[in-house]
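A.B. asks: attaching a predicted model along with its sequence, questions to come.
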Amino acid sequence: MEITKDILYVGVNDHDIDFFEGQYIVENGMAYNSYVILDEKTAVMDTVDRRFTDEWLRNLQSALGTTKPDYLIVQHMEPDHSANIAVFMETYPDAVVVASAAAFNMMKQFFHTDFADRRQIVKEGDTLSLGKHTLQFIAAPMVHWPEVIVTYDSYDKVLFSADGFGKFGALDVEEDWACEARRYYIGIVGKYGMQVQNLLKKAAALDIQTICPLHGPVLTENLAYYLNLYQIWSSYGVESDGVMIAYTSVYGNTKKAAELLAQKLQEKGCPKVVVADLAREDMAECVEDAFRYGKLVLATTTYNTDIFPFMREFIQHLTERNYQNRTVAFIENGTWAPMAAKVMKSMLEGCKNLTFTDTTVQIKSALSEENMTQLEALATELI
Ligand code: FEO
């Protein structure tokens, strides 16, 4: 696949994967992207997952023809991209591997060699001339590991963005970009908003016409749309108006409260209400929605003098990703000593800029008349 006249796609689609990075459901598979830049010198951009060595080498071979690659540029050492570095260096014994100093330290850990006699260490601002194409390296620490560099080709105006602008899903499946890019971003990079903001600032100084990420499609049109979403996500801004109600329920009473609140919000004209059963839905999708909307209602039962496990896990996902800048409300349930609201609030204590609603709904076993009034008050407050 041709990206530009000189840049070819040599990545692979993975439809065999169960969980990406050991935890994310990827119903439409995953793509591990890799690219070749053909010029007086030839560069290969990253490798692919270890389960696709043969397919990737065949793709490389057909892109290269009789040419031998001069450089393997390693932007990120996570094994979904780096697993085939050693195989590549054996296959092409004259090639030089180009990466950050931190990446070479990781190579030693993964491959027991840092290719000391065939390496070039690069840092922020360094360039590598291939002929017409000059590659500029930009440090992007923690997007999403510390060693990451991204690469700008000023000749074709292409940004090779490593994990940035990636998404779940193989490239041979048609699906909405934002949905799976958001779930990917919030899940995998969400903690590192500040570092992504730093990278966006550096990218703003470049004339970018194409973004070549390591996952998901190459982006060529309407780049402002993608950049704007990354701006919102990385600044923990609110992307869509609406309320997310995340609940767990043991015997259906907390669920009933969640659904009644949703109905009241809809009746009052709330632009979007998302209701999620944390025990049954994809946790990453729920976490994504918590970051997408500006208002979050957490509804759960008191359990072992704590809260129901799925809610605990959910809140932990939020806090470890620096959840902030939002309005939060609580619905708690407990038959003899309700304390879920107190536990949930204390779990969110370290989060920046959260506003808690005045109304907290306390259910004692099953919904009461008083609860109906509280739900009405909460809906009004949220609207
Ligand atoms: Fe796609 Fe952070 O590896």
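C.D. replies: Received the coordinates, thanks.

A.B. asks: residue 206: neighbour count?
C.D. replies: Residues lying near residue 206 (other CB atoms under 10 Å) number 14. Placement of C-beta: from N, CA and C, glycine included.

A.B. asks: before we move on, which element is it in?
C.D. replies: Using DSSP states H and E, residue 206 maps to neither a helix nor a strand.

A.B. asks: correct me, but it touches residue 153?
C.D. replies: No. Taking CB atoms under 8 Å as the definition, residue 206 is not a contact partner of residue 153, at 10.1 Å.

A.B. asks: can you list residues touching both of the two?
C.D. replies: Both residue 206 and residue 153 are contacted by residue 159, under the criterion CB atoms under 8 Å, 6 or more residues apart in numbering.

A.B. asks: run a quick neighbour tally on the nearest residue to residue 285 once chain neighbours are set aside.
C.D. replies: Once flanking residues are discounted, residue 285 sits nearest to residue 183: 6.1 Å by CB to CB, 6 or more residues apart in numbering. Using other CB under 10 Å, residue 183 has 26 neighbouring residues.

A.B. asks: tell me the SS of residue 183?
C.D. replies: helix (DSSP: H, G, I helix; E, B strand; the rest coil).

A.B. asks: looking at it, it is touching residue 168, isn't it?
C.D. replies: Yes. Using CB under 8 Å, residue 183 makes contact with residue 168 at a distance of 6.3 Å.

A.B. asks: kindly provide the distance from the residue nearest to residue 285 to residue 169.
C.D. replies: 10 Å (CB to CB, to the nearest Å).

A.B. asks: is it true that residue 240 touches residue 290?
C.D. replies: No. In this structure, residue 240 is not within contact of residue 290 by CB under 8 Å, at 11.9 Å.

A.B. asks: which one of those two has more residues nearby?
C.D. replies: Using other CB under 10 Å as the criterion, residue 240 and residue 290 rank with residue 290 on top: 23 against 13.

A.B. asks: that's a helix at the more buried one, yeah?
C.D. replies: Yes. Assessed with three-state DSSP, residue 290 lies in a helix.

A.B. asks: what residues does it make contact with?
C.D. replies: Listed by CB under 8 Å, 6+ apart, the contact set of residue 290 reads 244, 246, 296, 314, 318, 323.

A.B. asks: among the residues you listed, which are located in strands?
C.D. replies: 244, 246, 296 (DSSP state E).

A.B. asks: so can I have CSV of these showing distance to residue 231?
C.D. replies: Formatted as CSV, the ones in strands among the contacts of residue 290 follow (distance: CB to CB, whole Å):
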residue, distance to residue 231
244, 21
246, 25
296, 21
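
A.B. asks: just the buried residues of these.
C.D. replies: Buried by 16 or more other CB atoms under 10 Å: 244, 246, 296, out of the ones in strands among the contacts of residue 290.

A.B. asks: TSV please, covering those residues and showing pLDDT and distance to the ligand.
C.D. replies: Below are these laid out as TSV (pLDDT from 0 to 100; distance: CB to the nearest ligand atom, whole Å):
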residue	pLDDT	distance to the ligand
244	98	27
246	99	27
296	98	27
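
A.B. asks: what does the helix or strand hosting residue 136 rub up against?
C.D. replies: Using DSSP H and E, the element containing residue 136 is strand 134-139. Where contact means CB under 8 Å, 6+ apart, the residues beyond strand 134-139 that reach it are 37, 43, 73, 100, 122-129, 148-155, 199, 202-203.

A.B. asks: you'd agree residue 63 is in a helix?
C.D. replies: Yes. Residue 63 forms part of a helix when assessed by three-state DSSP.

A.B. asks: how much space between it and residue 42?
C.D. replies: Using CB to CB, residue 63 is found at 9 Å from residue 42.

A.B. asks: residues near residue 324, how many?
C.D. replies: Quick note: residue 324 (other CB under 10 Å) scores 17 neighbours.

A.B. asks: how about the contacts made by it?
C.D. replies: Residues near residue 324 by CB under 8 Å, 6+ apart: 236, 351, 352, 353, 354.

A.B. asks: most neighbours out of those, which is it?
C.D. replies: residue 236 (20 neighbours).

A.B. asks: test my guess that that residue contacts residue 193.
C.D. replies: Yes. Contact status for residue 236 versus residue 193: in contact at 5.7 Å, counting by CB under 8 Å.

A.B. asks: identify the contacts common to those two.
C.D. replies: With CB under 8 Å, 6+ apart, residue 236 and residue 193 have common neighbours residue 322.

A.B. asks: gap between the closest residue to the ligand within the stretch 51-200 of the chain and residue 351?
C.D. replies: Closest to the ligand within the stretch 51-200 of the chain is residue 78: 3.5 Å, counting by CB to the nearest ligand atom. Separation of residue 78 from residue 351 (CB to CB) stands at 27 Å.

A.B. asks: the residue of the stretch 51-200 of the chain closest to the ligand contacts residue 145, doesn't it?
C.D. replies: Yes. With contact defined as CB under 8 Å, residue 78 reaches residue 145; the gap is 5.9 Å.

A.B. asks: tell me who's in contact with residue 288.
C.D. replies: Going by CB under 8 Å, 6+ apart, residue 288 touches 182, 183, 186, 187.

A.B. asks: out of the residues you listed, which touch the ligand?
C.D. replies: With the criterion set as CB under 6 Å from any ligand atom, no member of the contacts of residue 288 is near the ligand.

A.B. asks: scan those and report the most crowded one.
C.D. replies: So for the contacts of residue 288 (other CB under 10 Å), the most neighbours sit at residue 183, 26 neighbours.

A.B. asks: show me what contacts that residue?
C.D. replies: By CB under 8 Å, 6+ apart, the neighbours of residue 183 are 24, 168, 284, 285, 288.

A.B. asks: for residue 334, phi and psi?
C.D. replies: Main-chain torsions, residue 334, degrees, to the nearest 10: phi -170, psi 140.

A.B. asks: do you know the pLDDT at it?
C.D. replies: What the model reports as pLDDT for residue 334 is 97.
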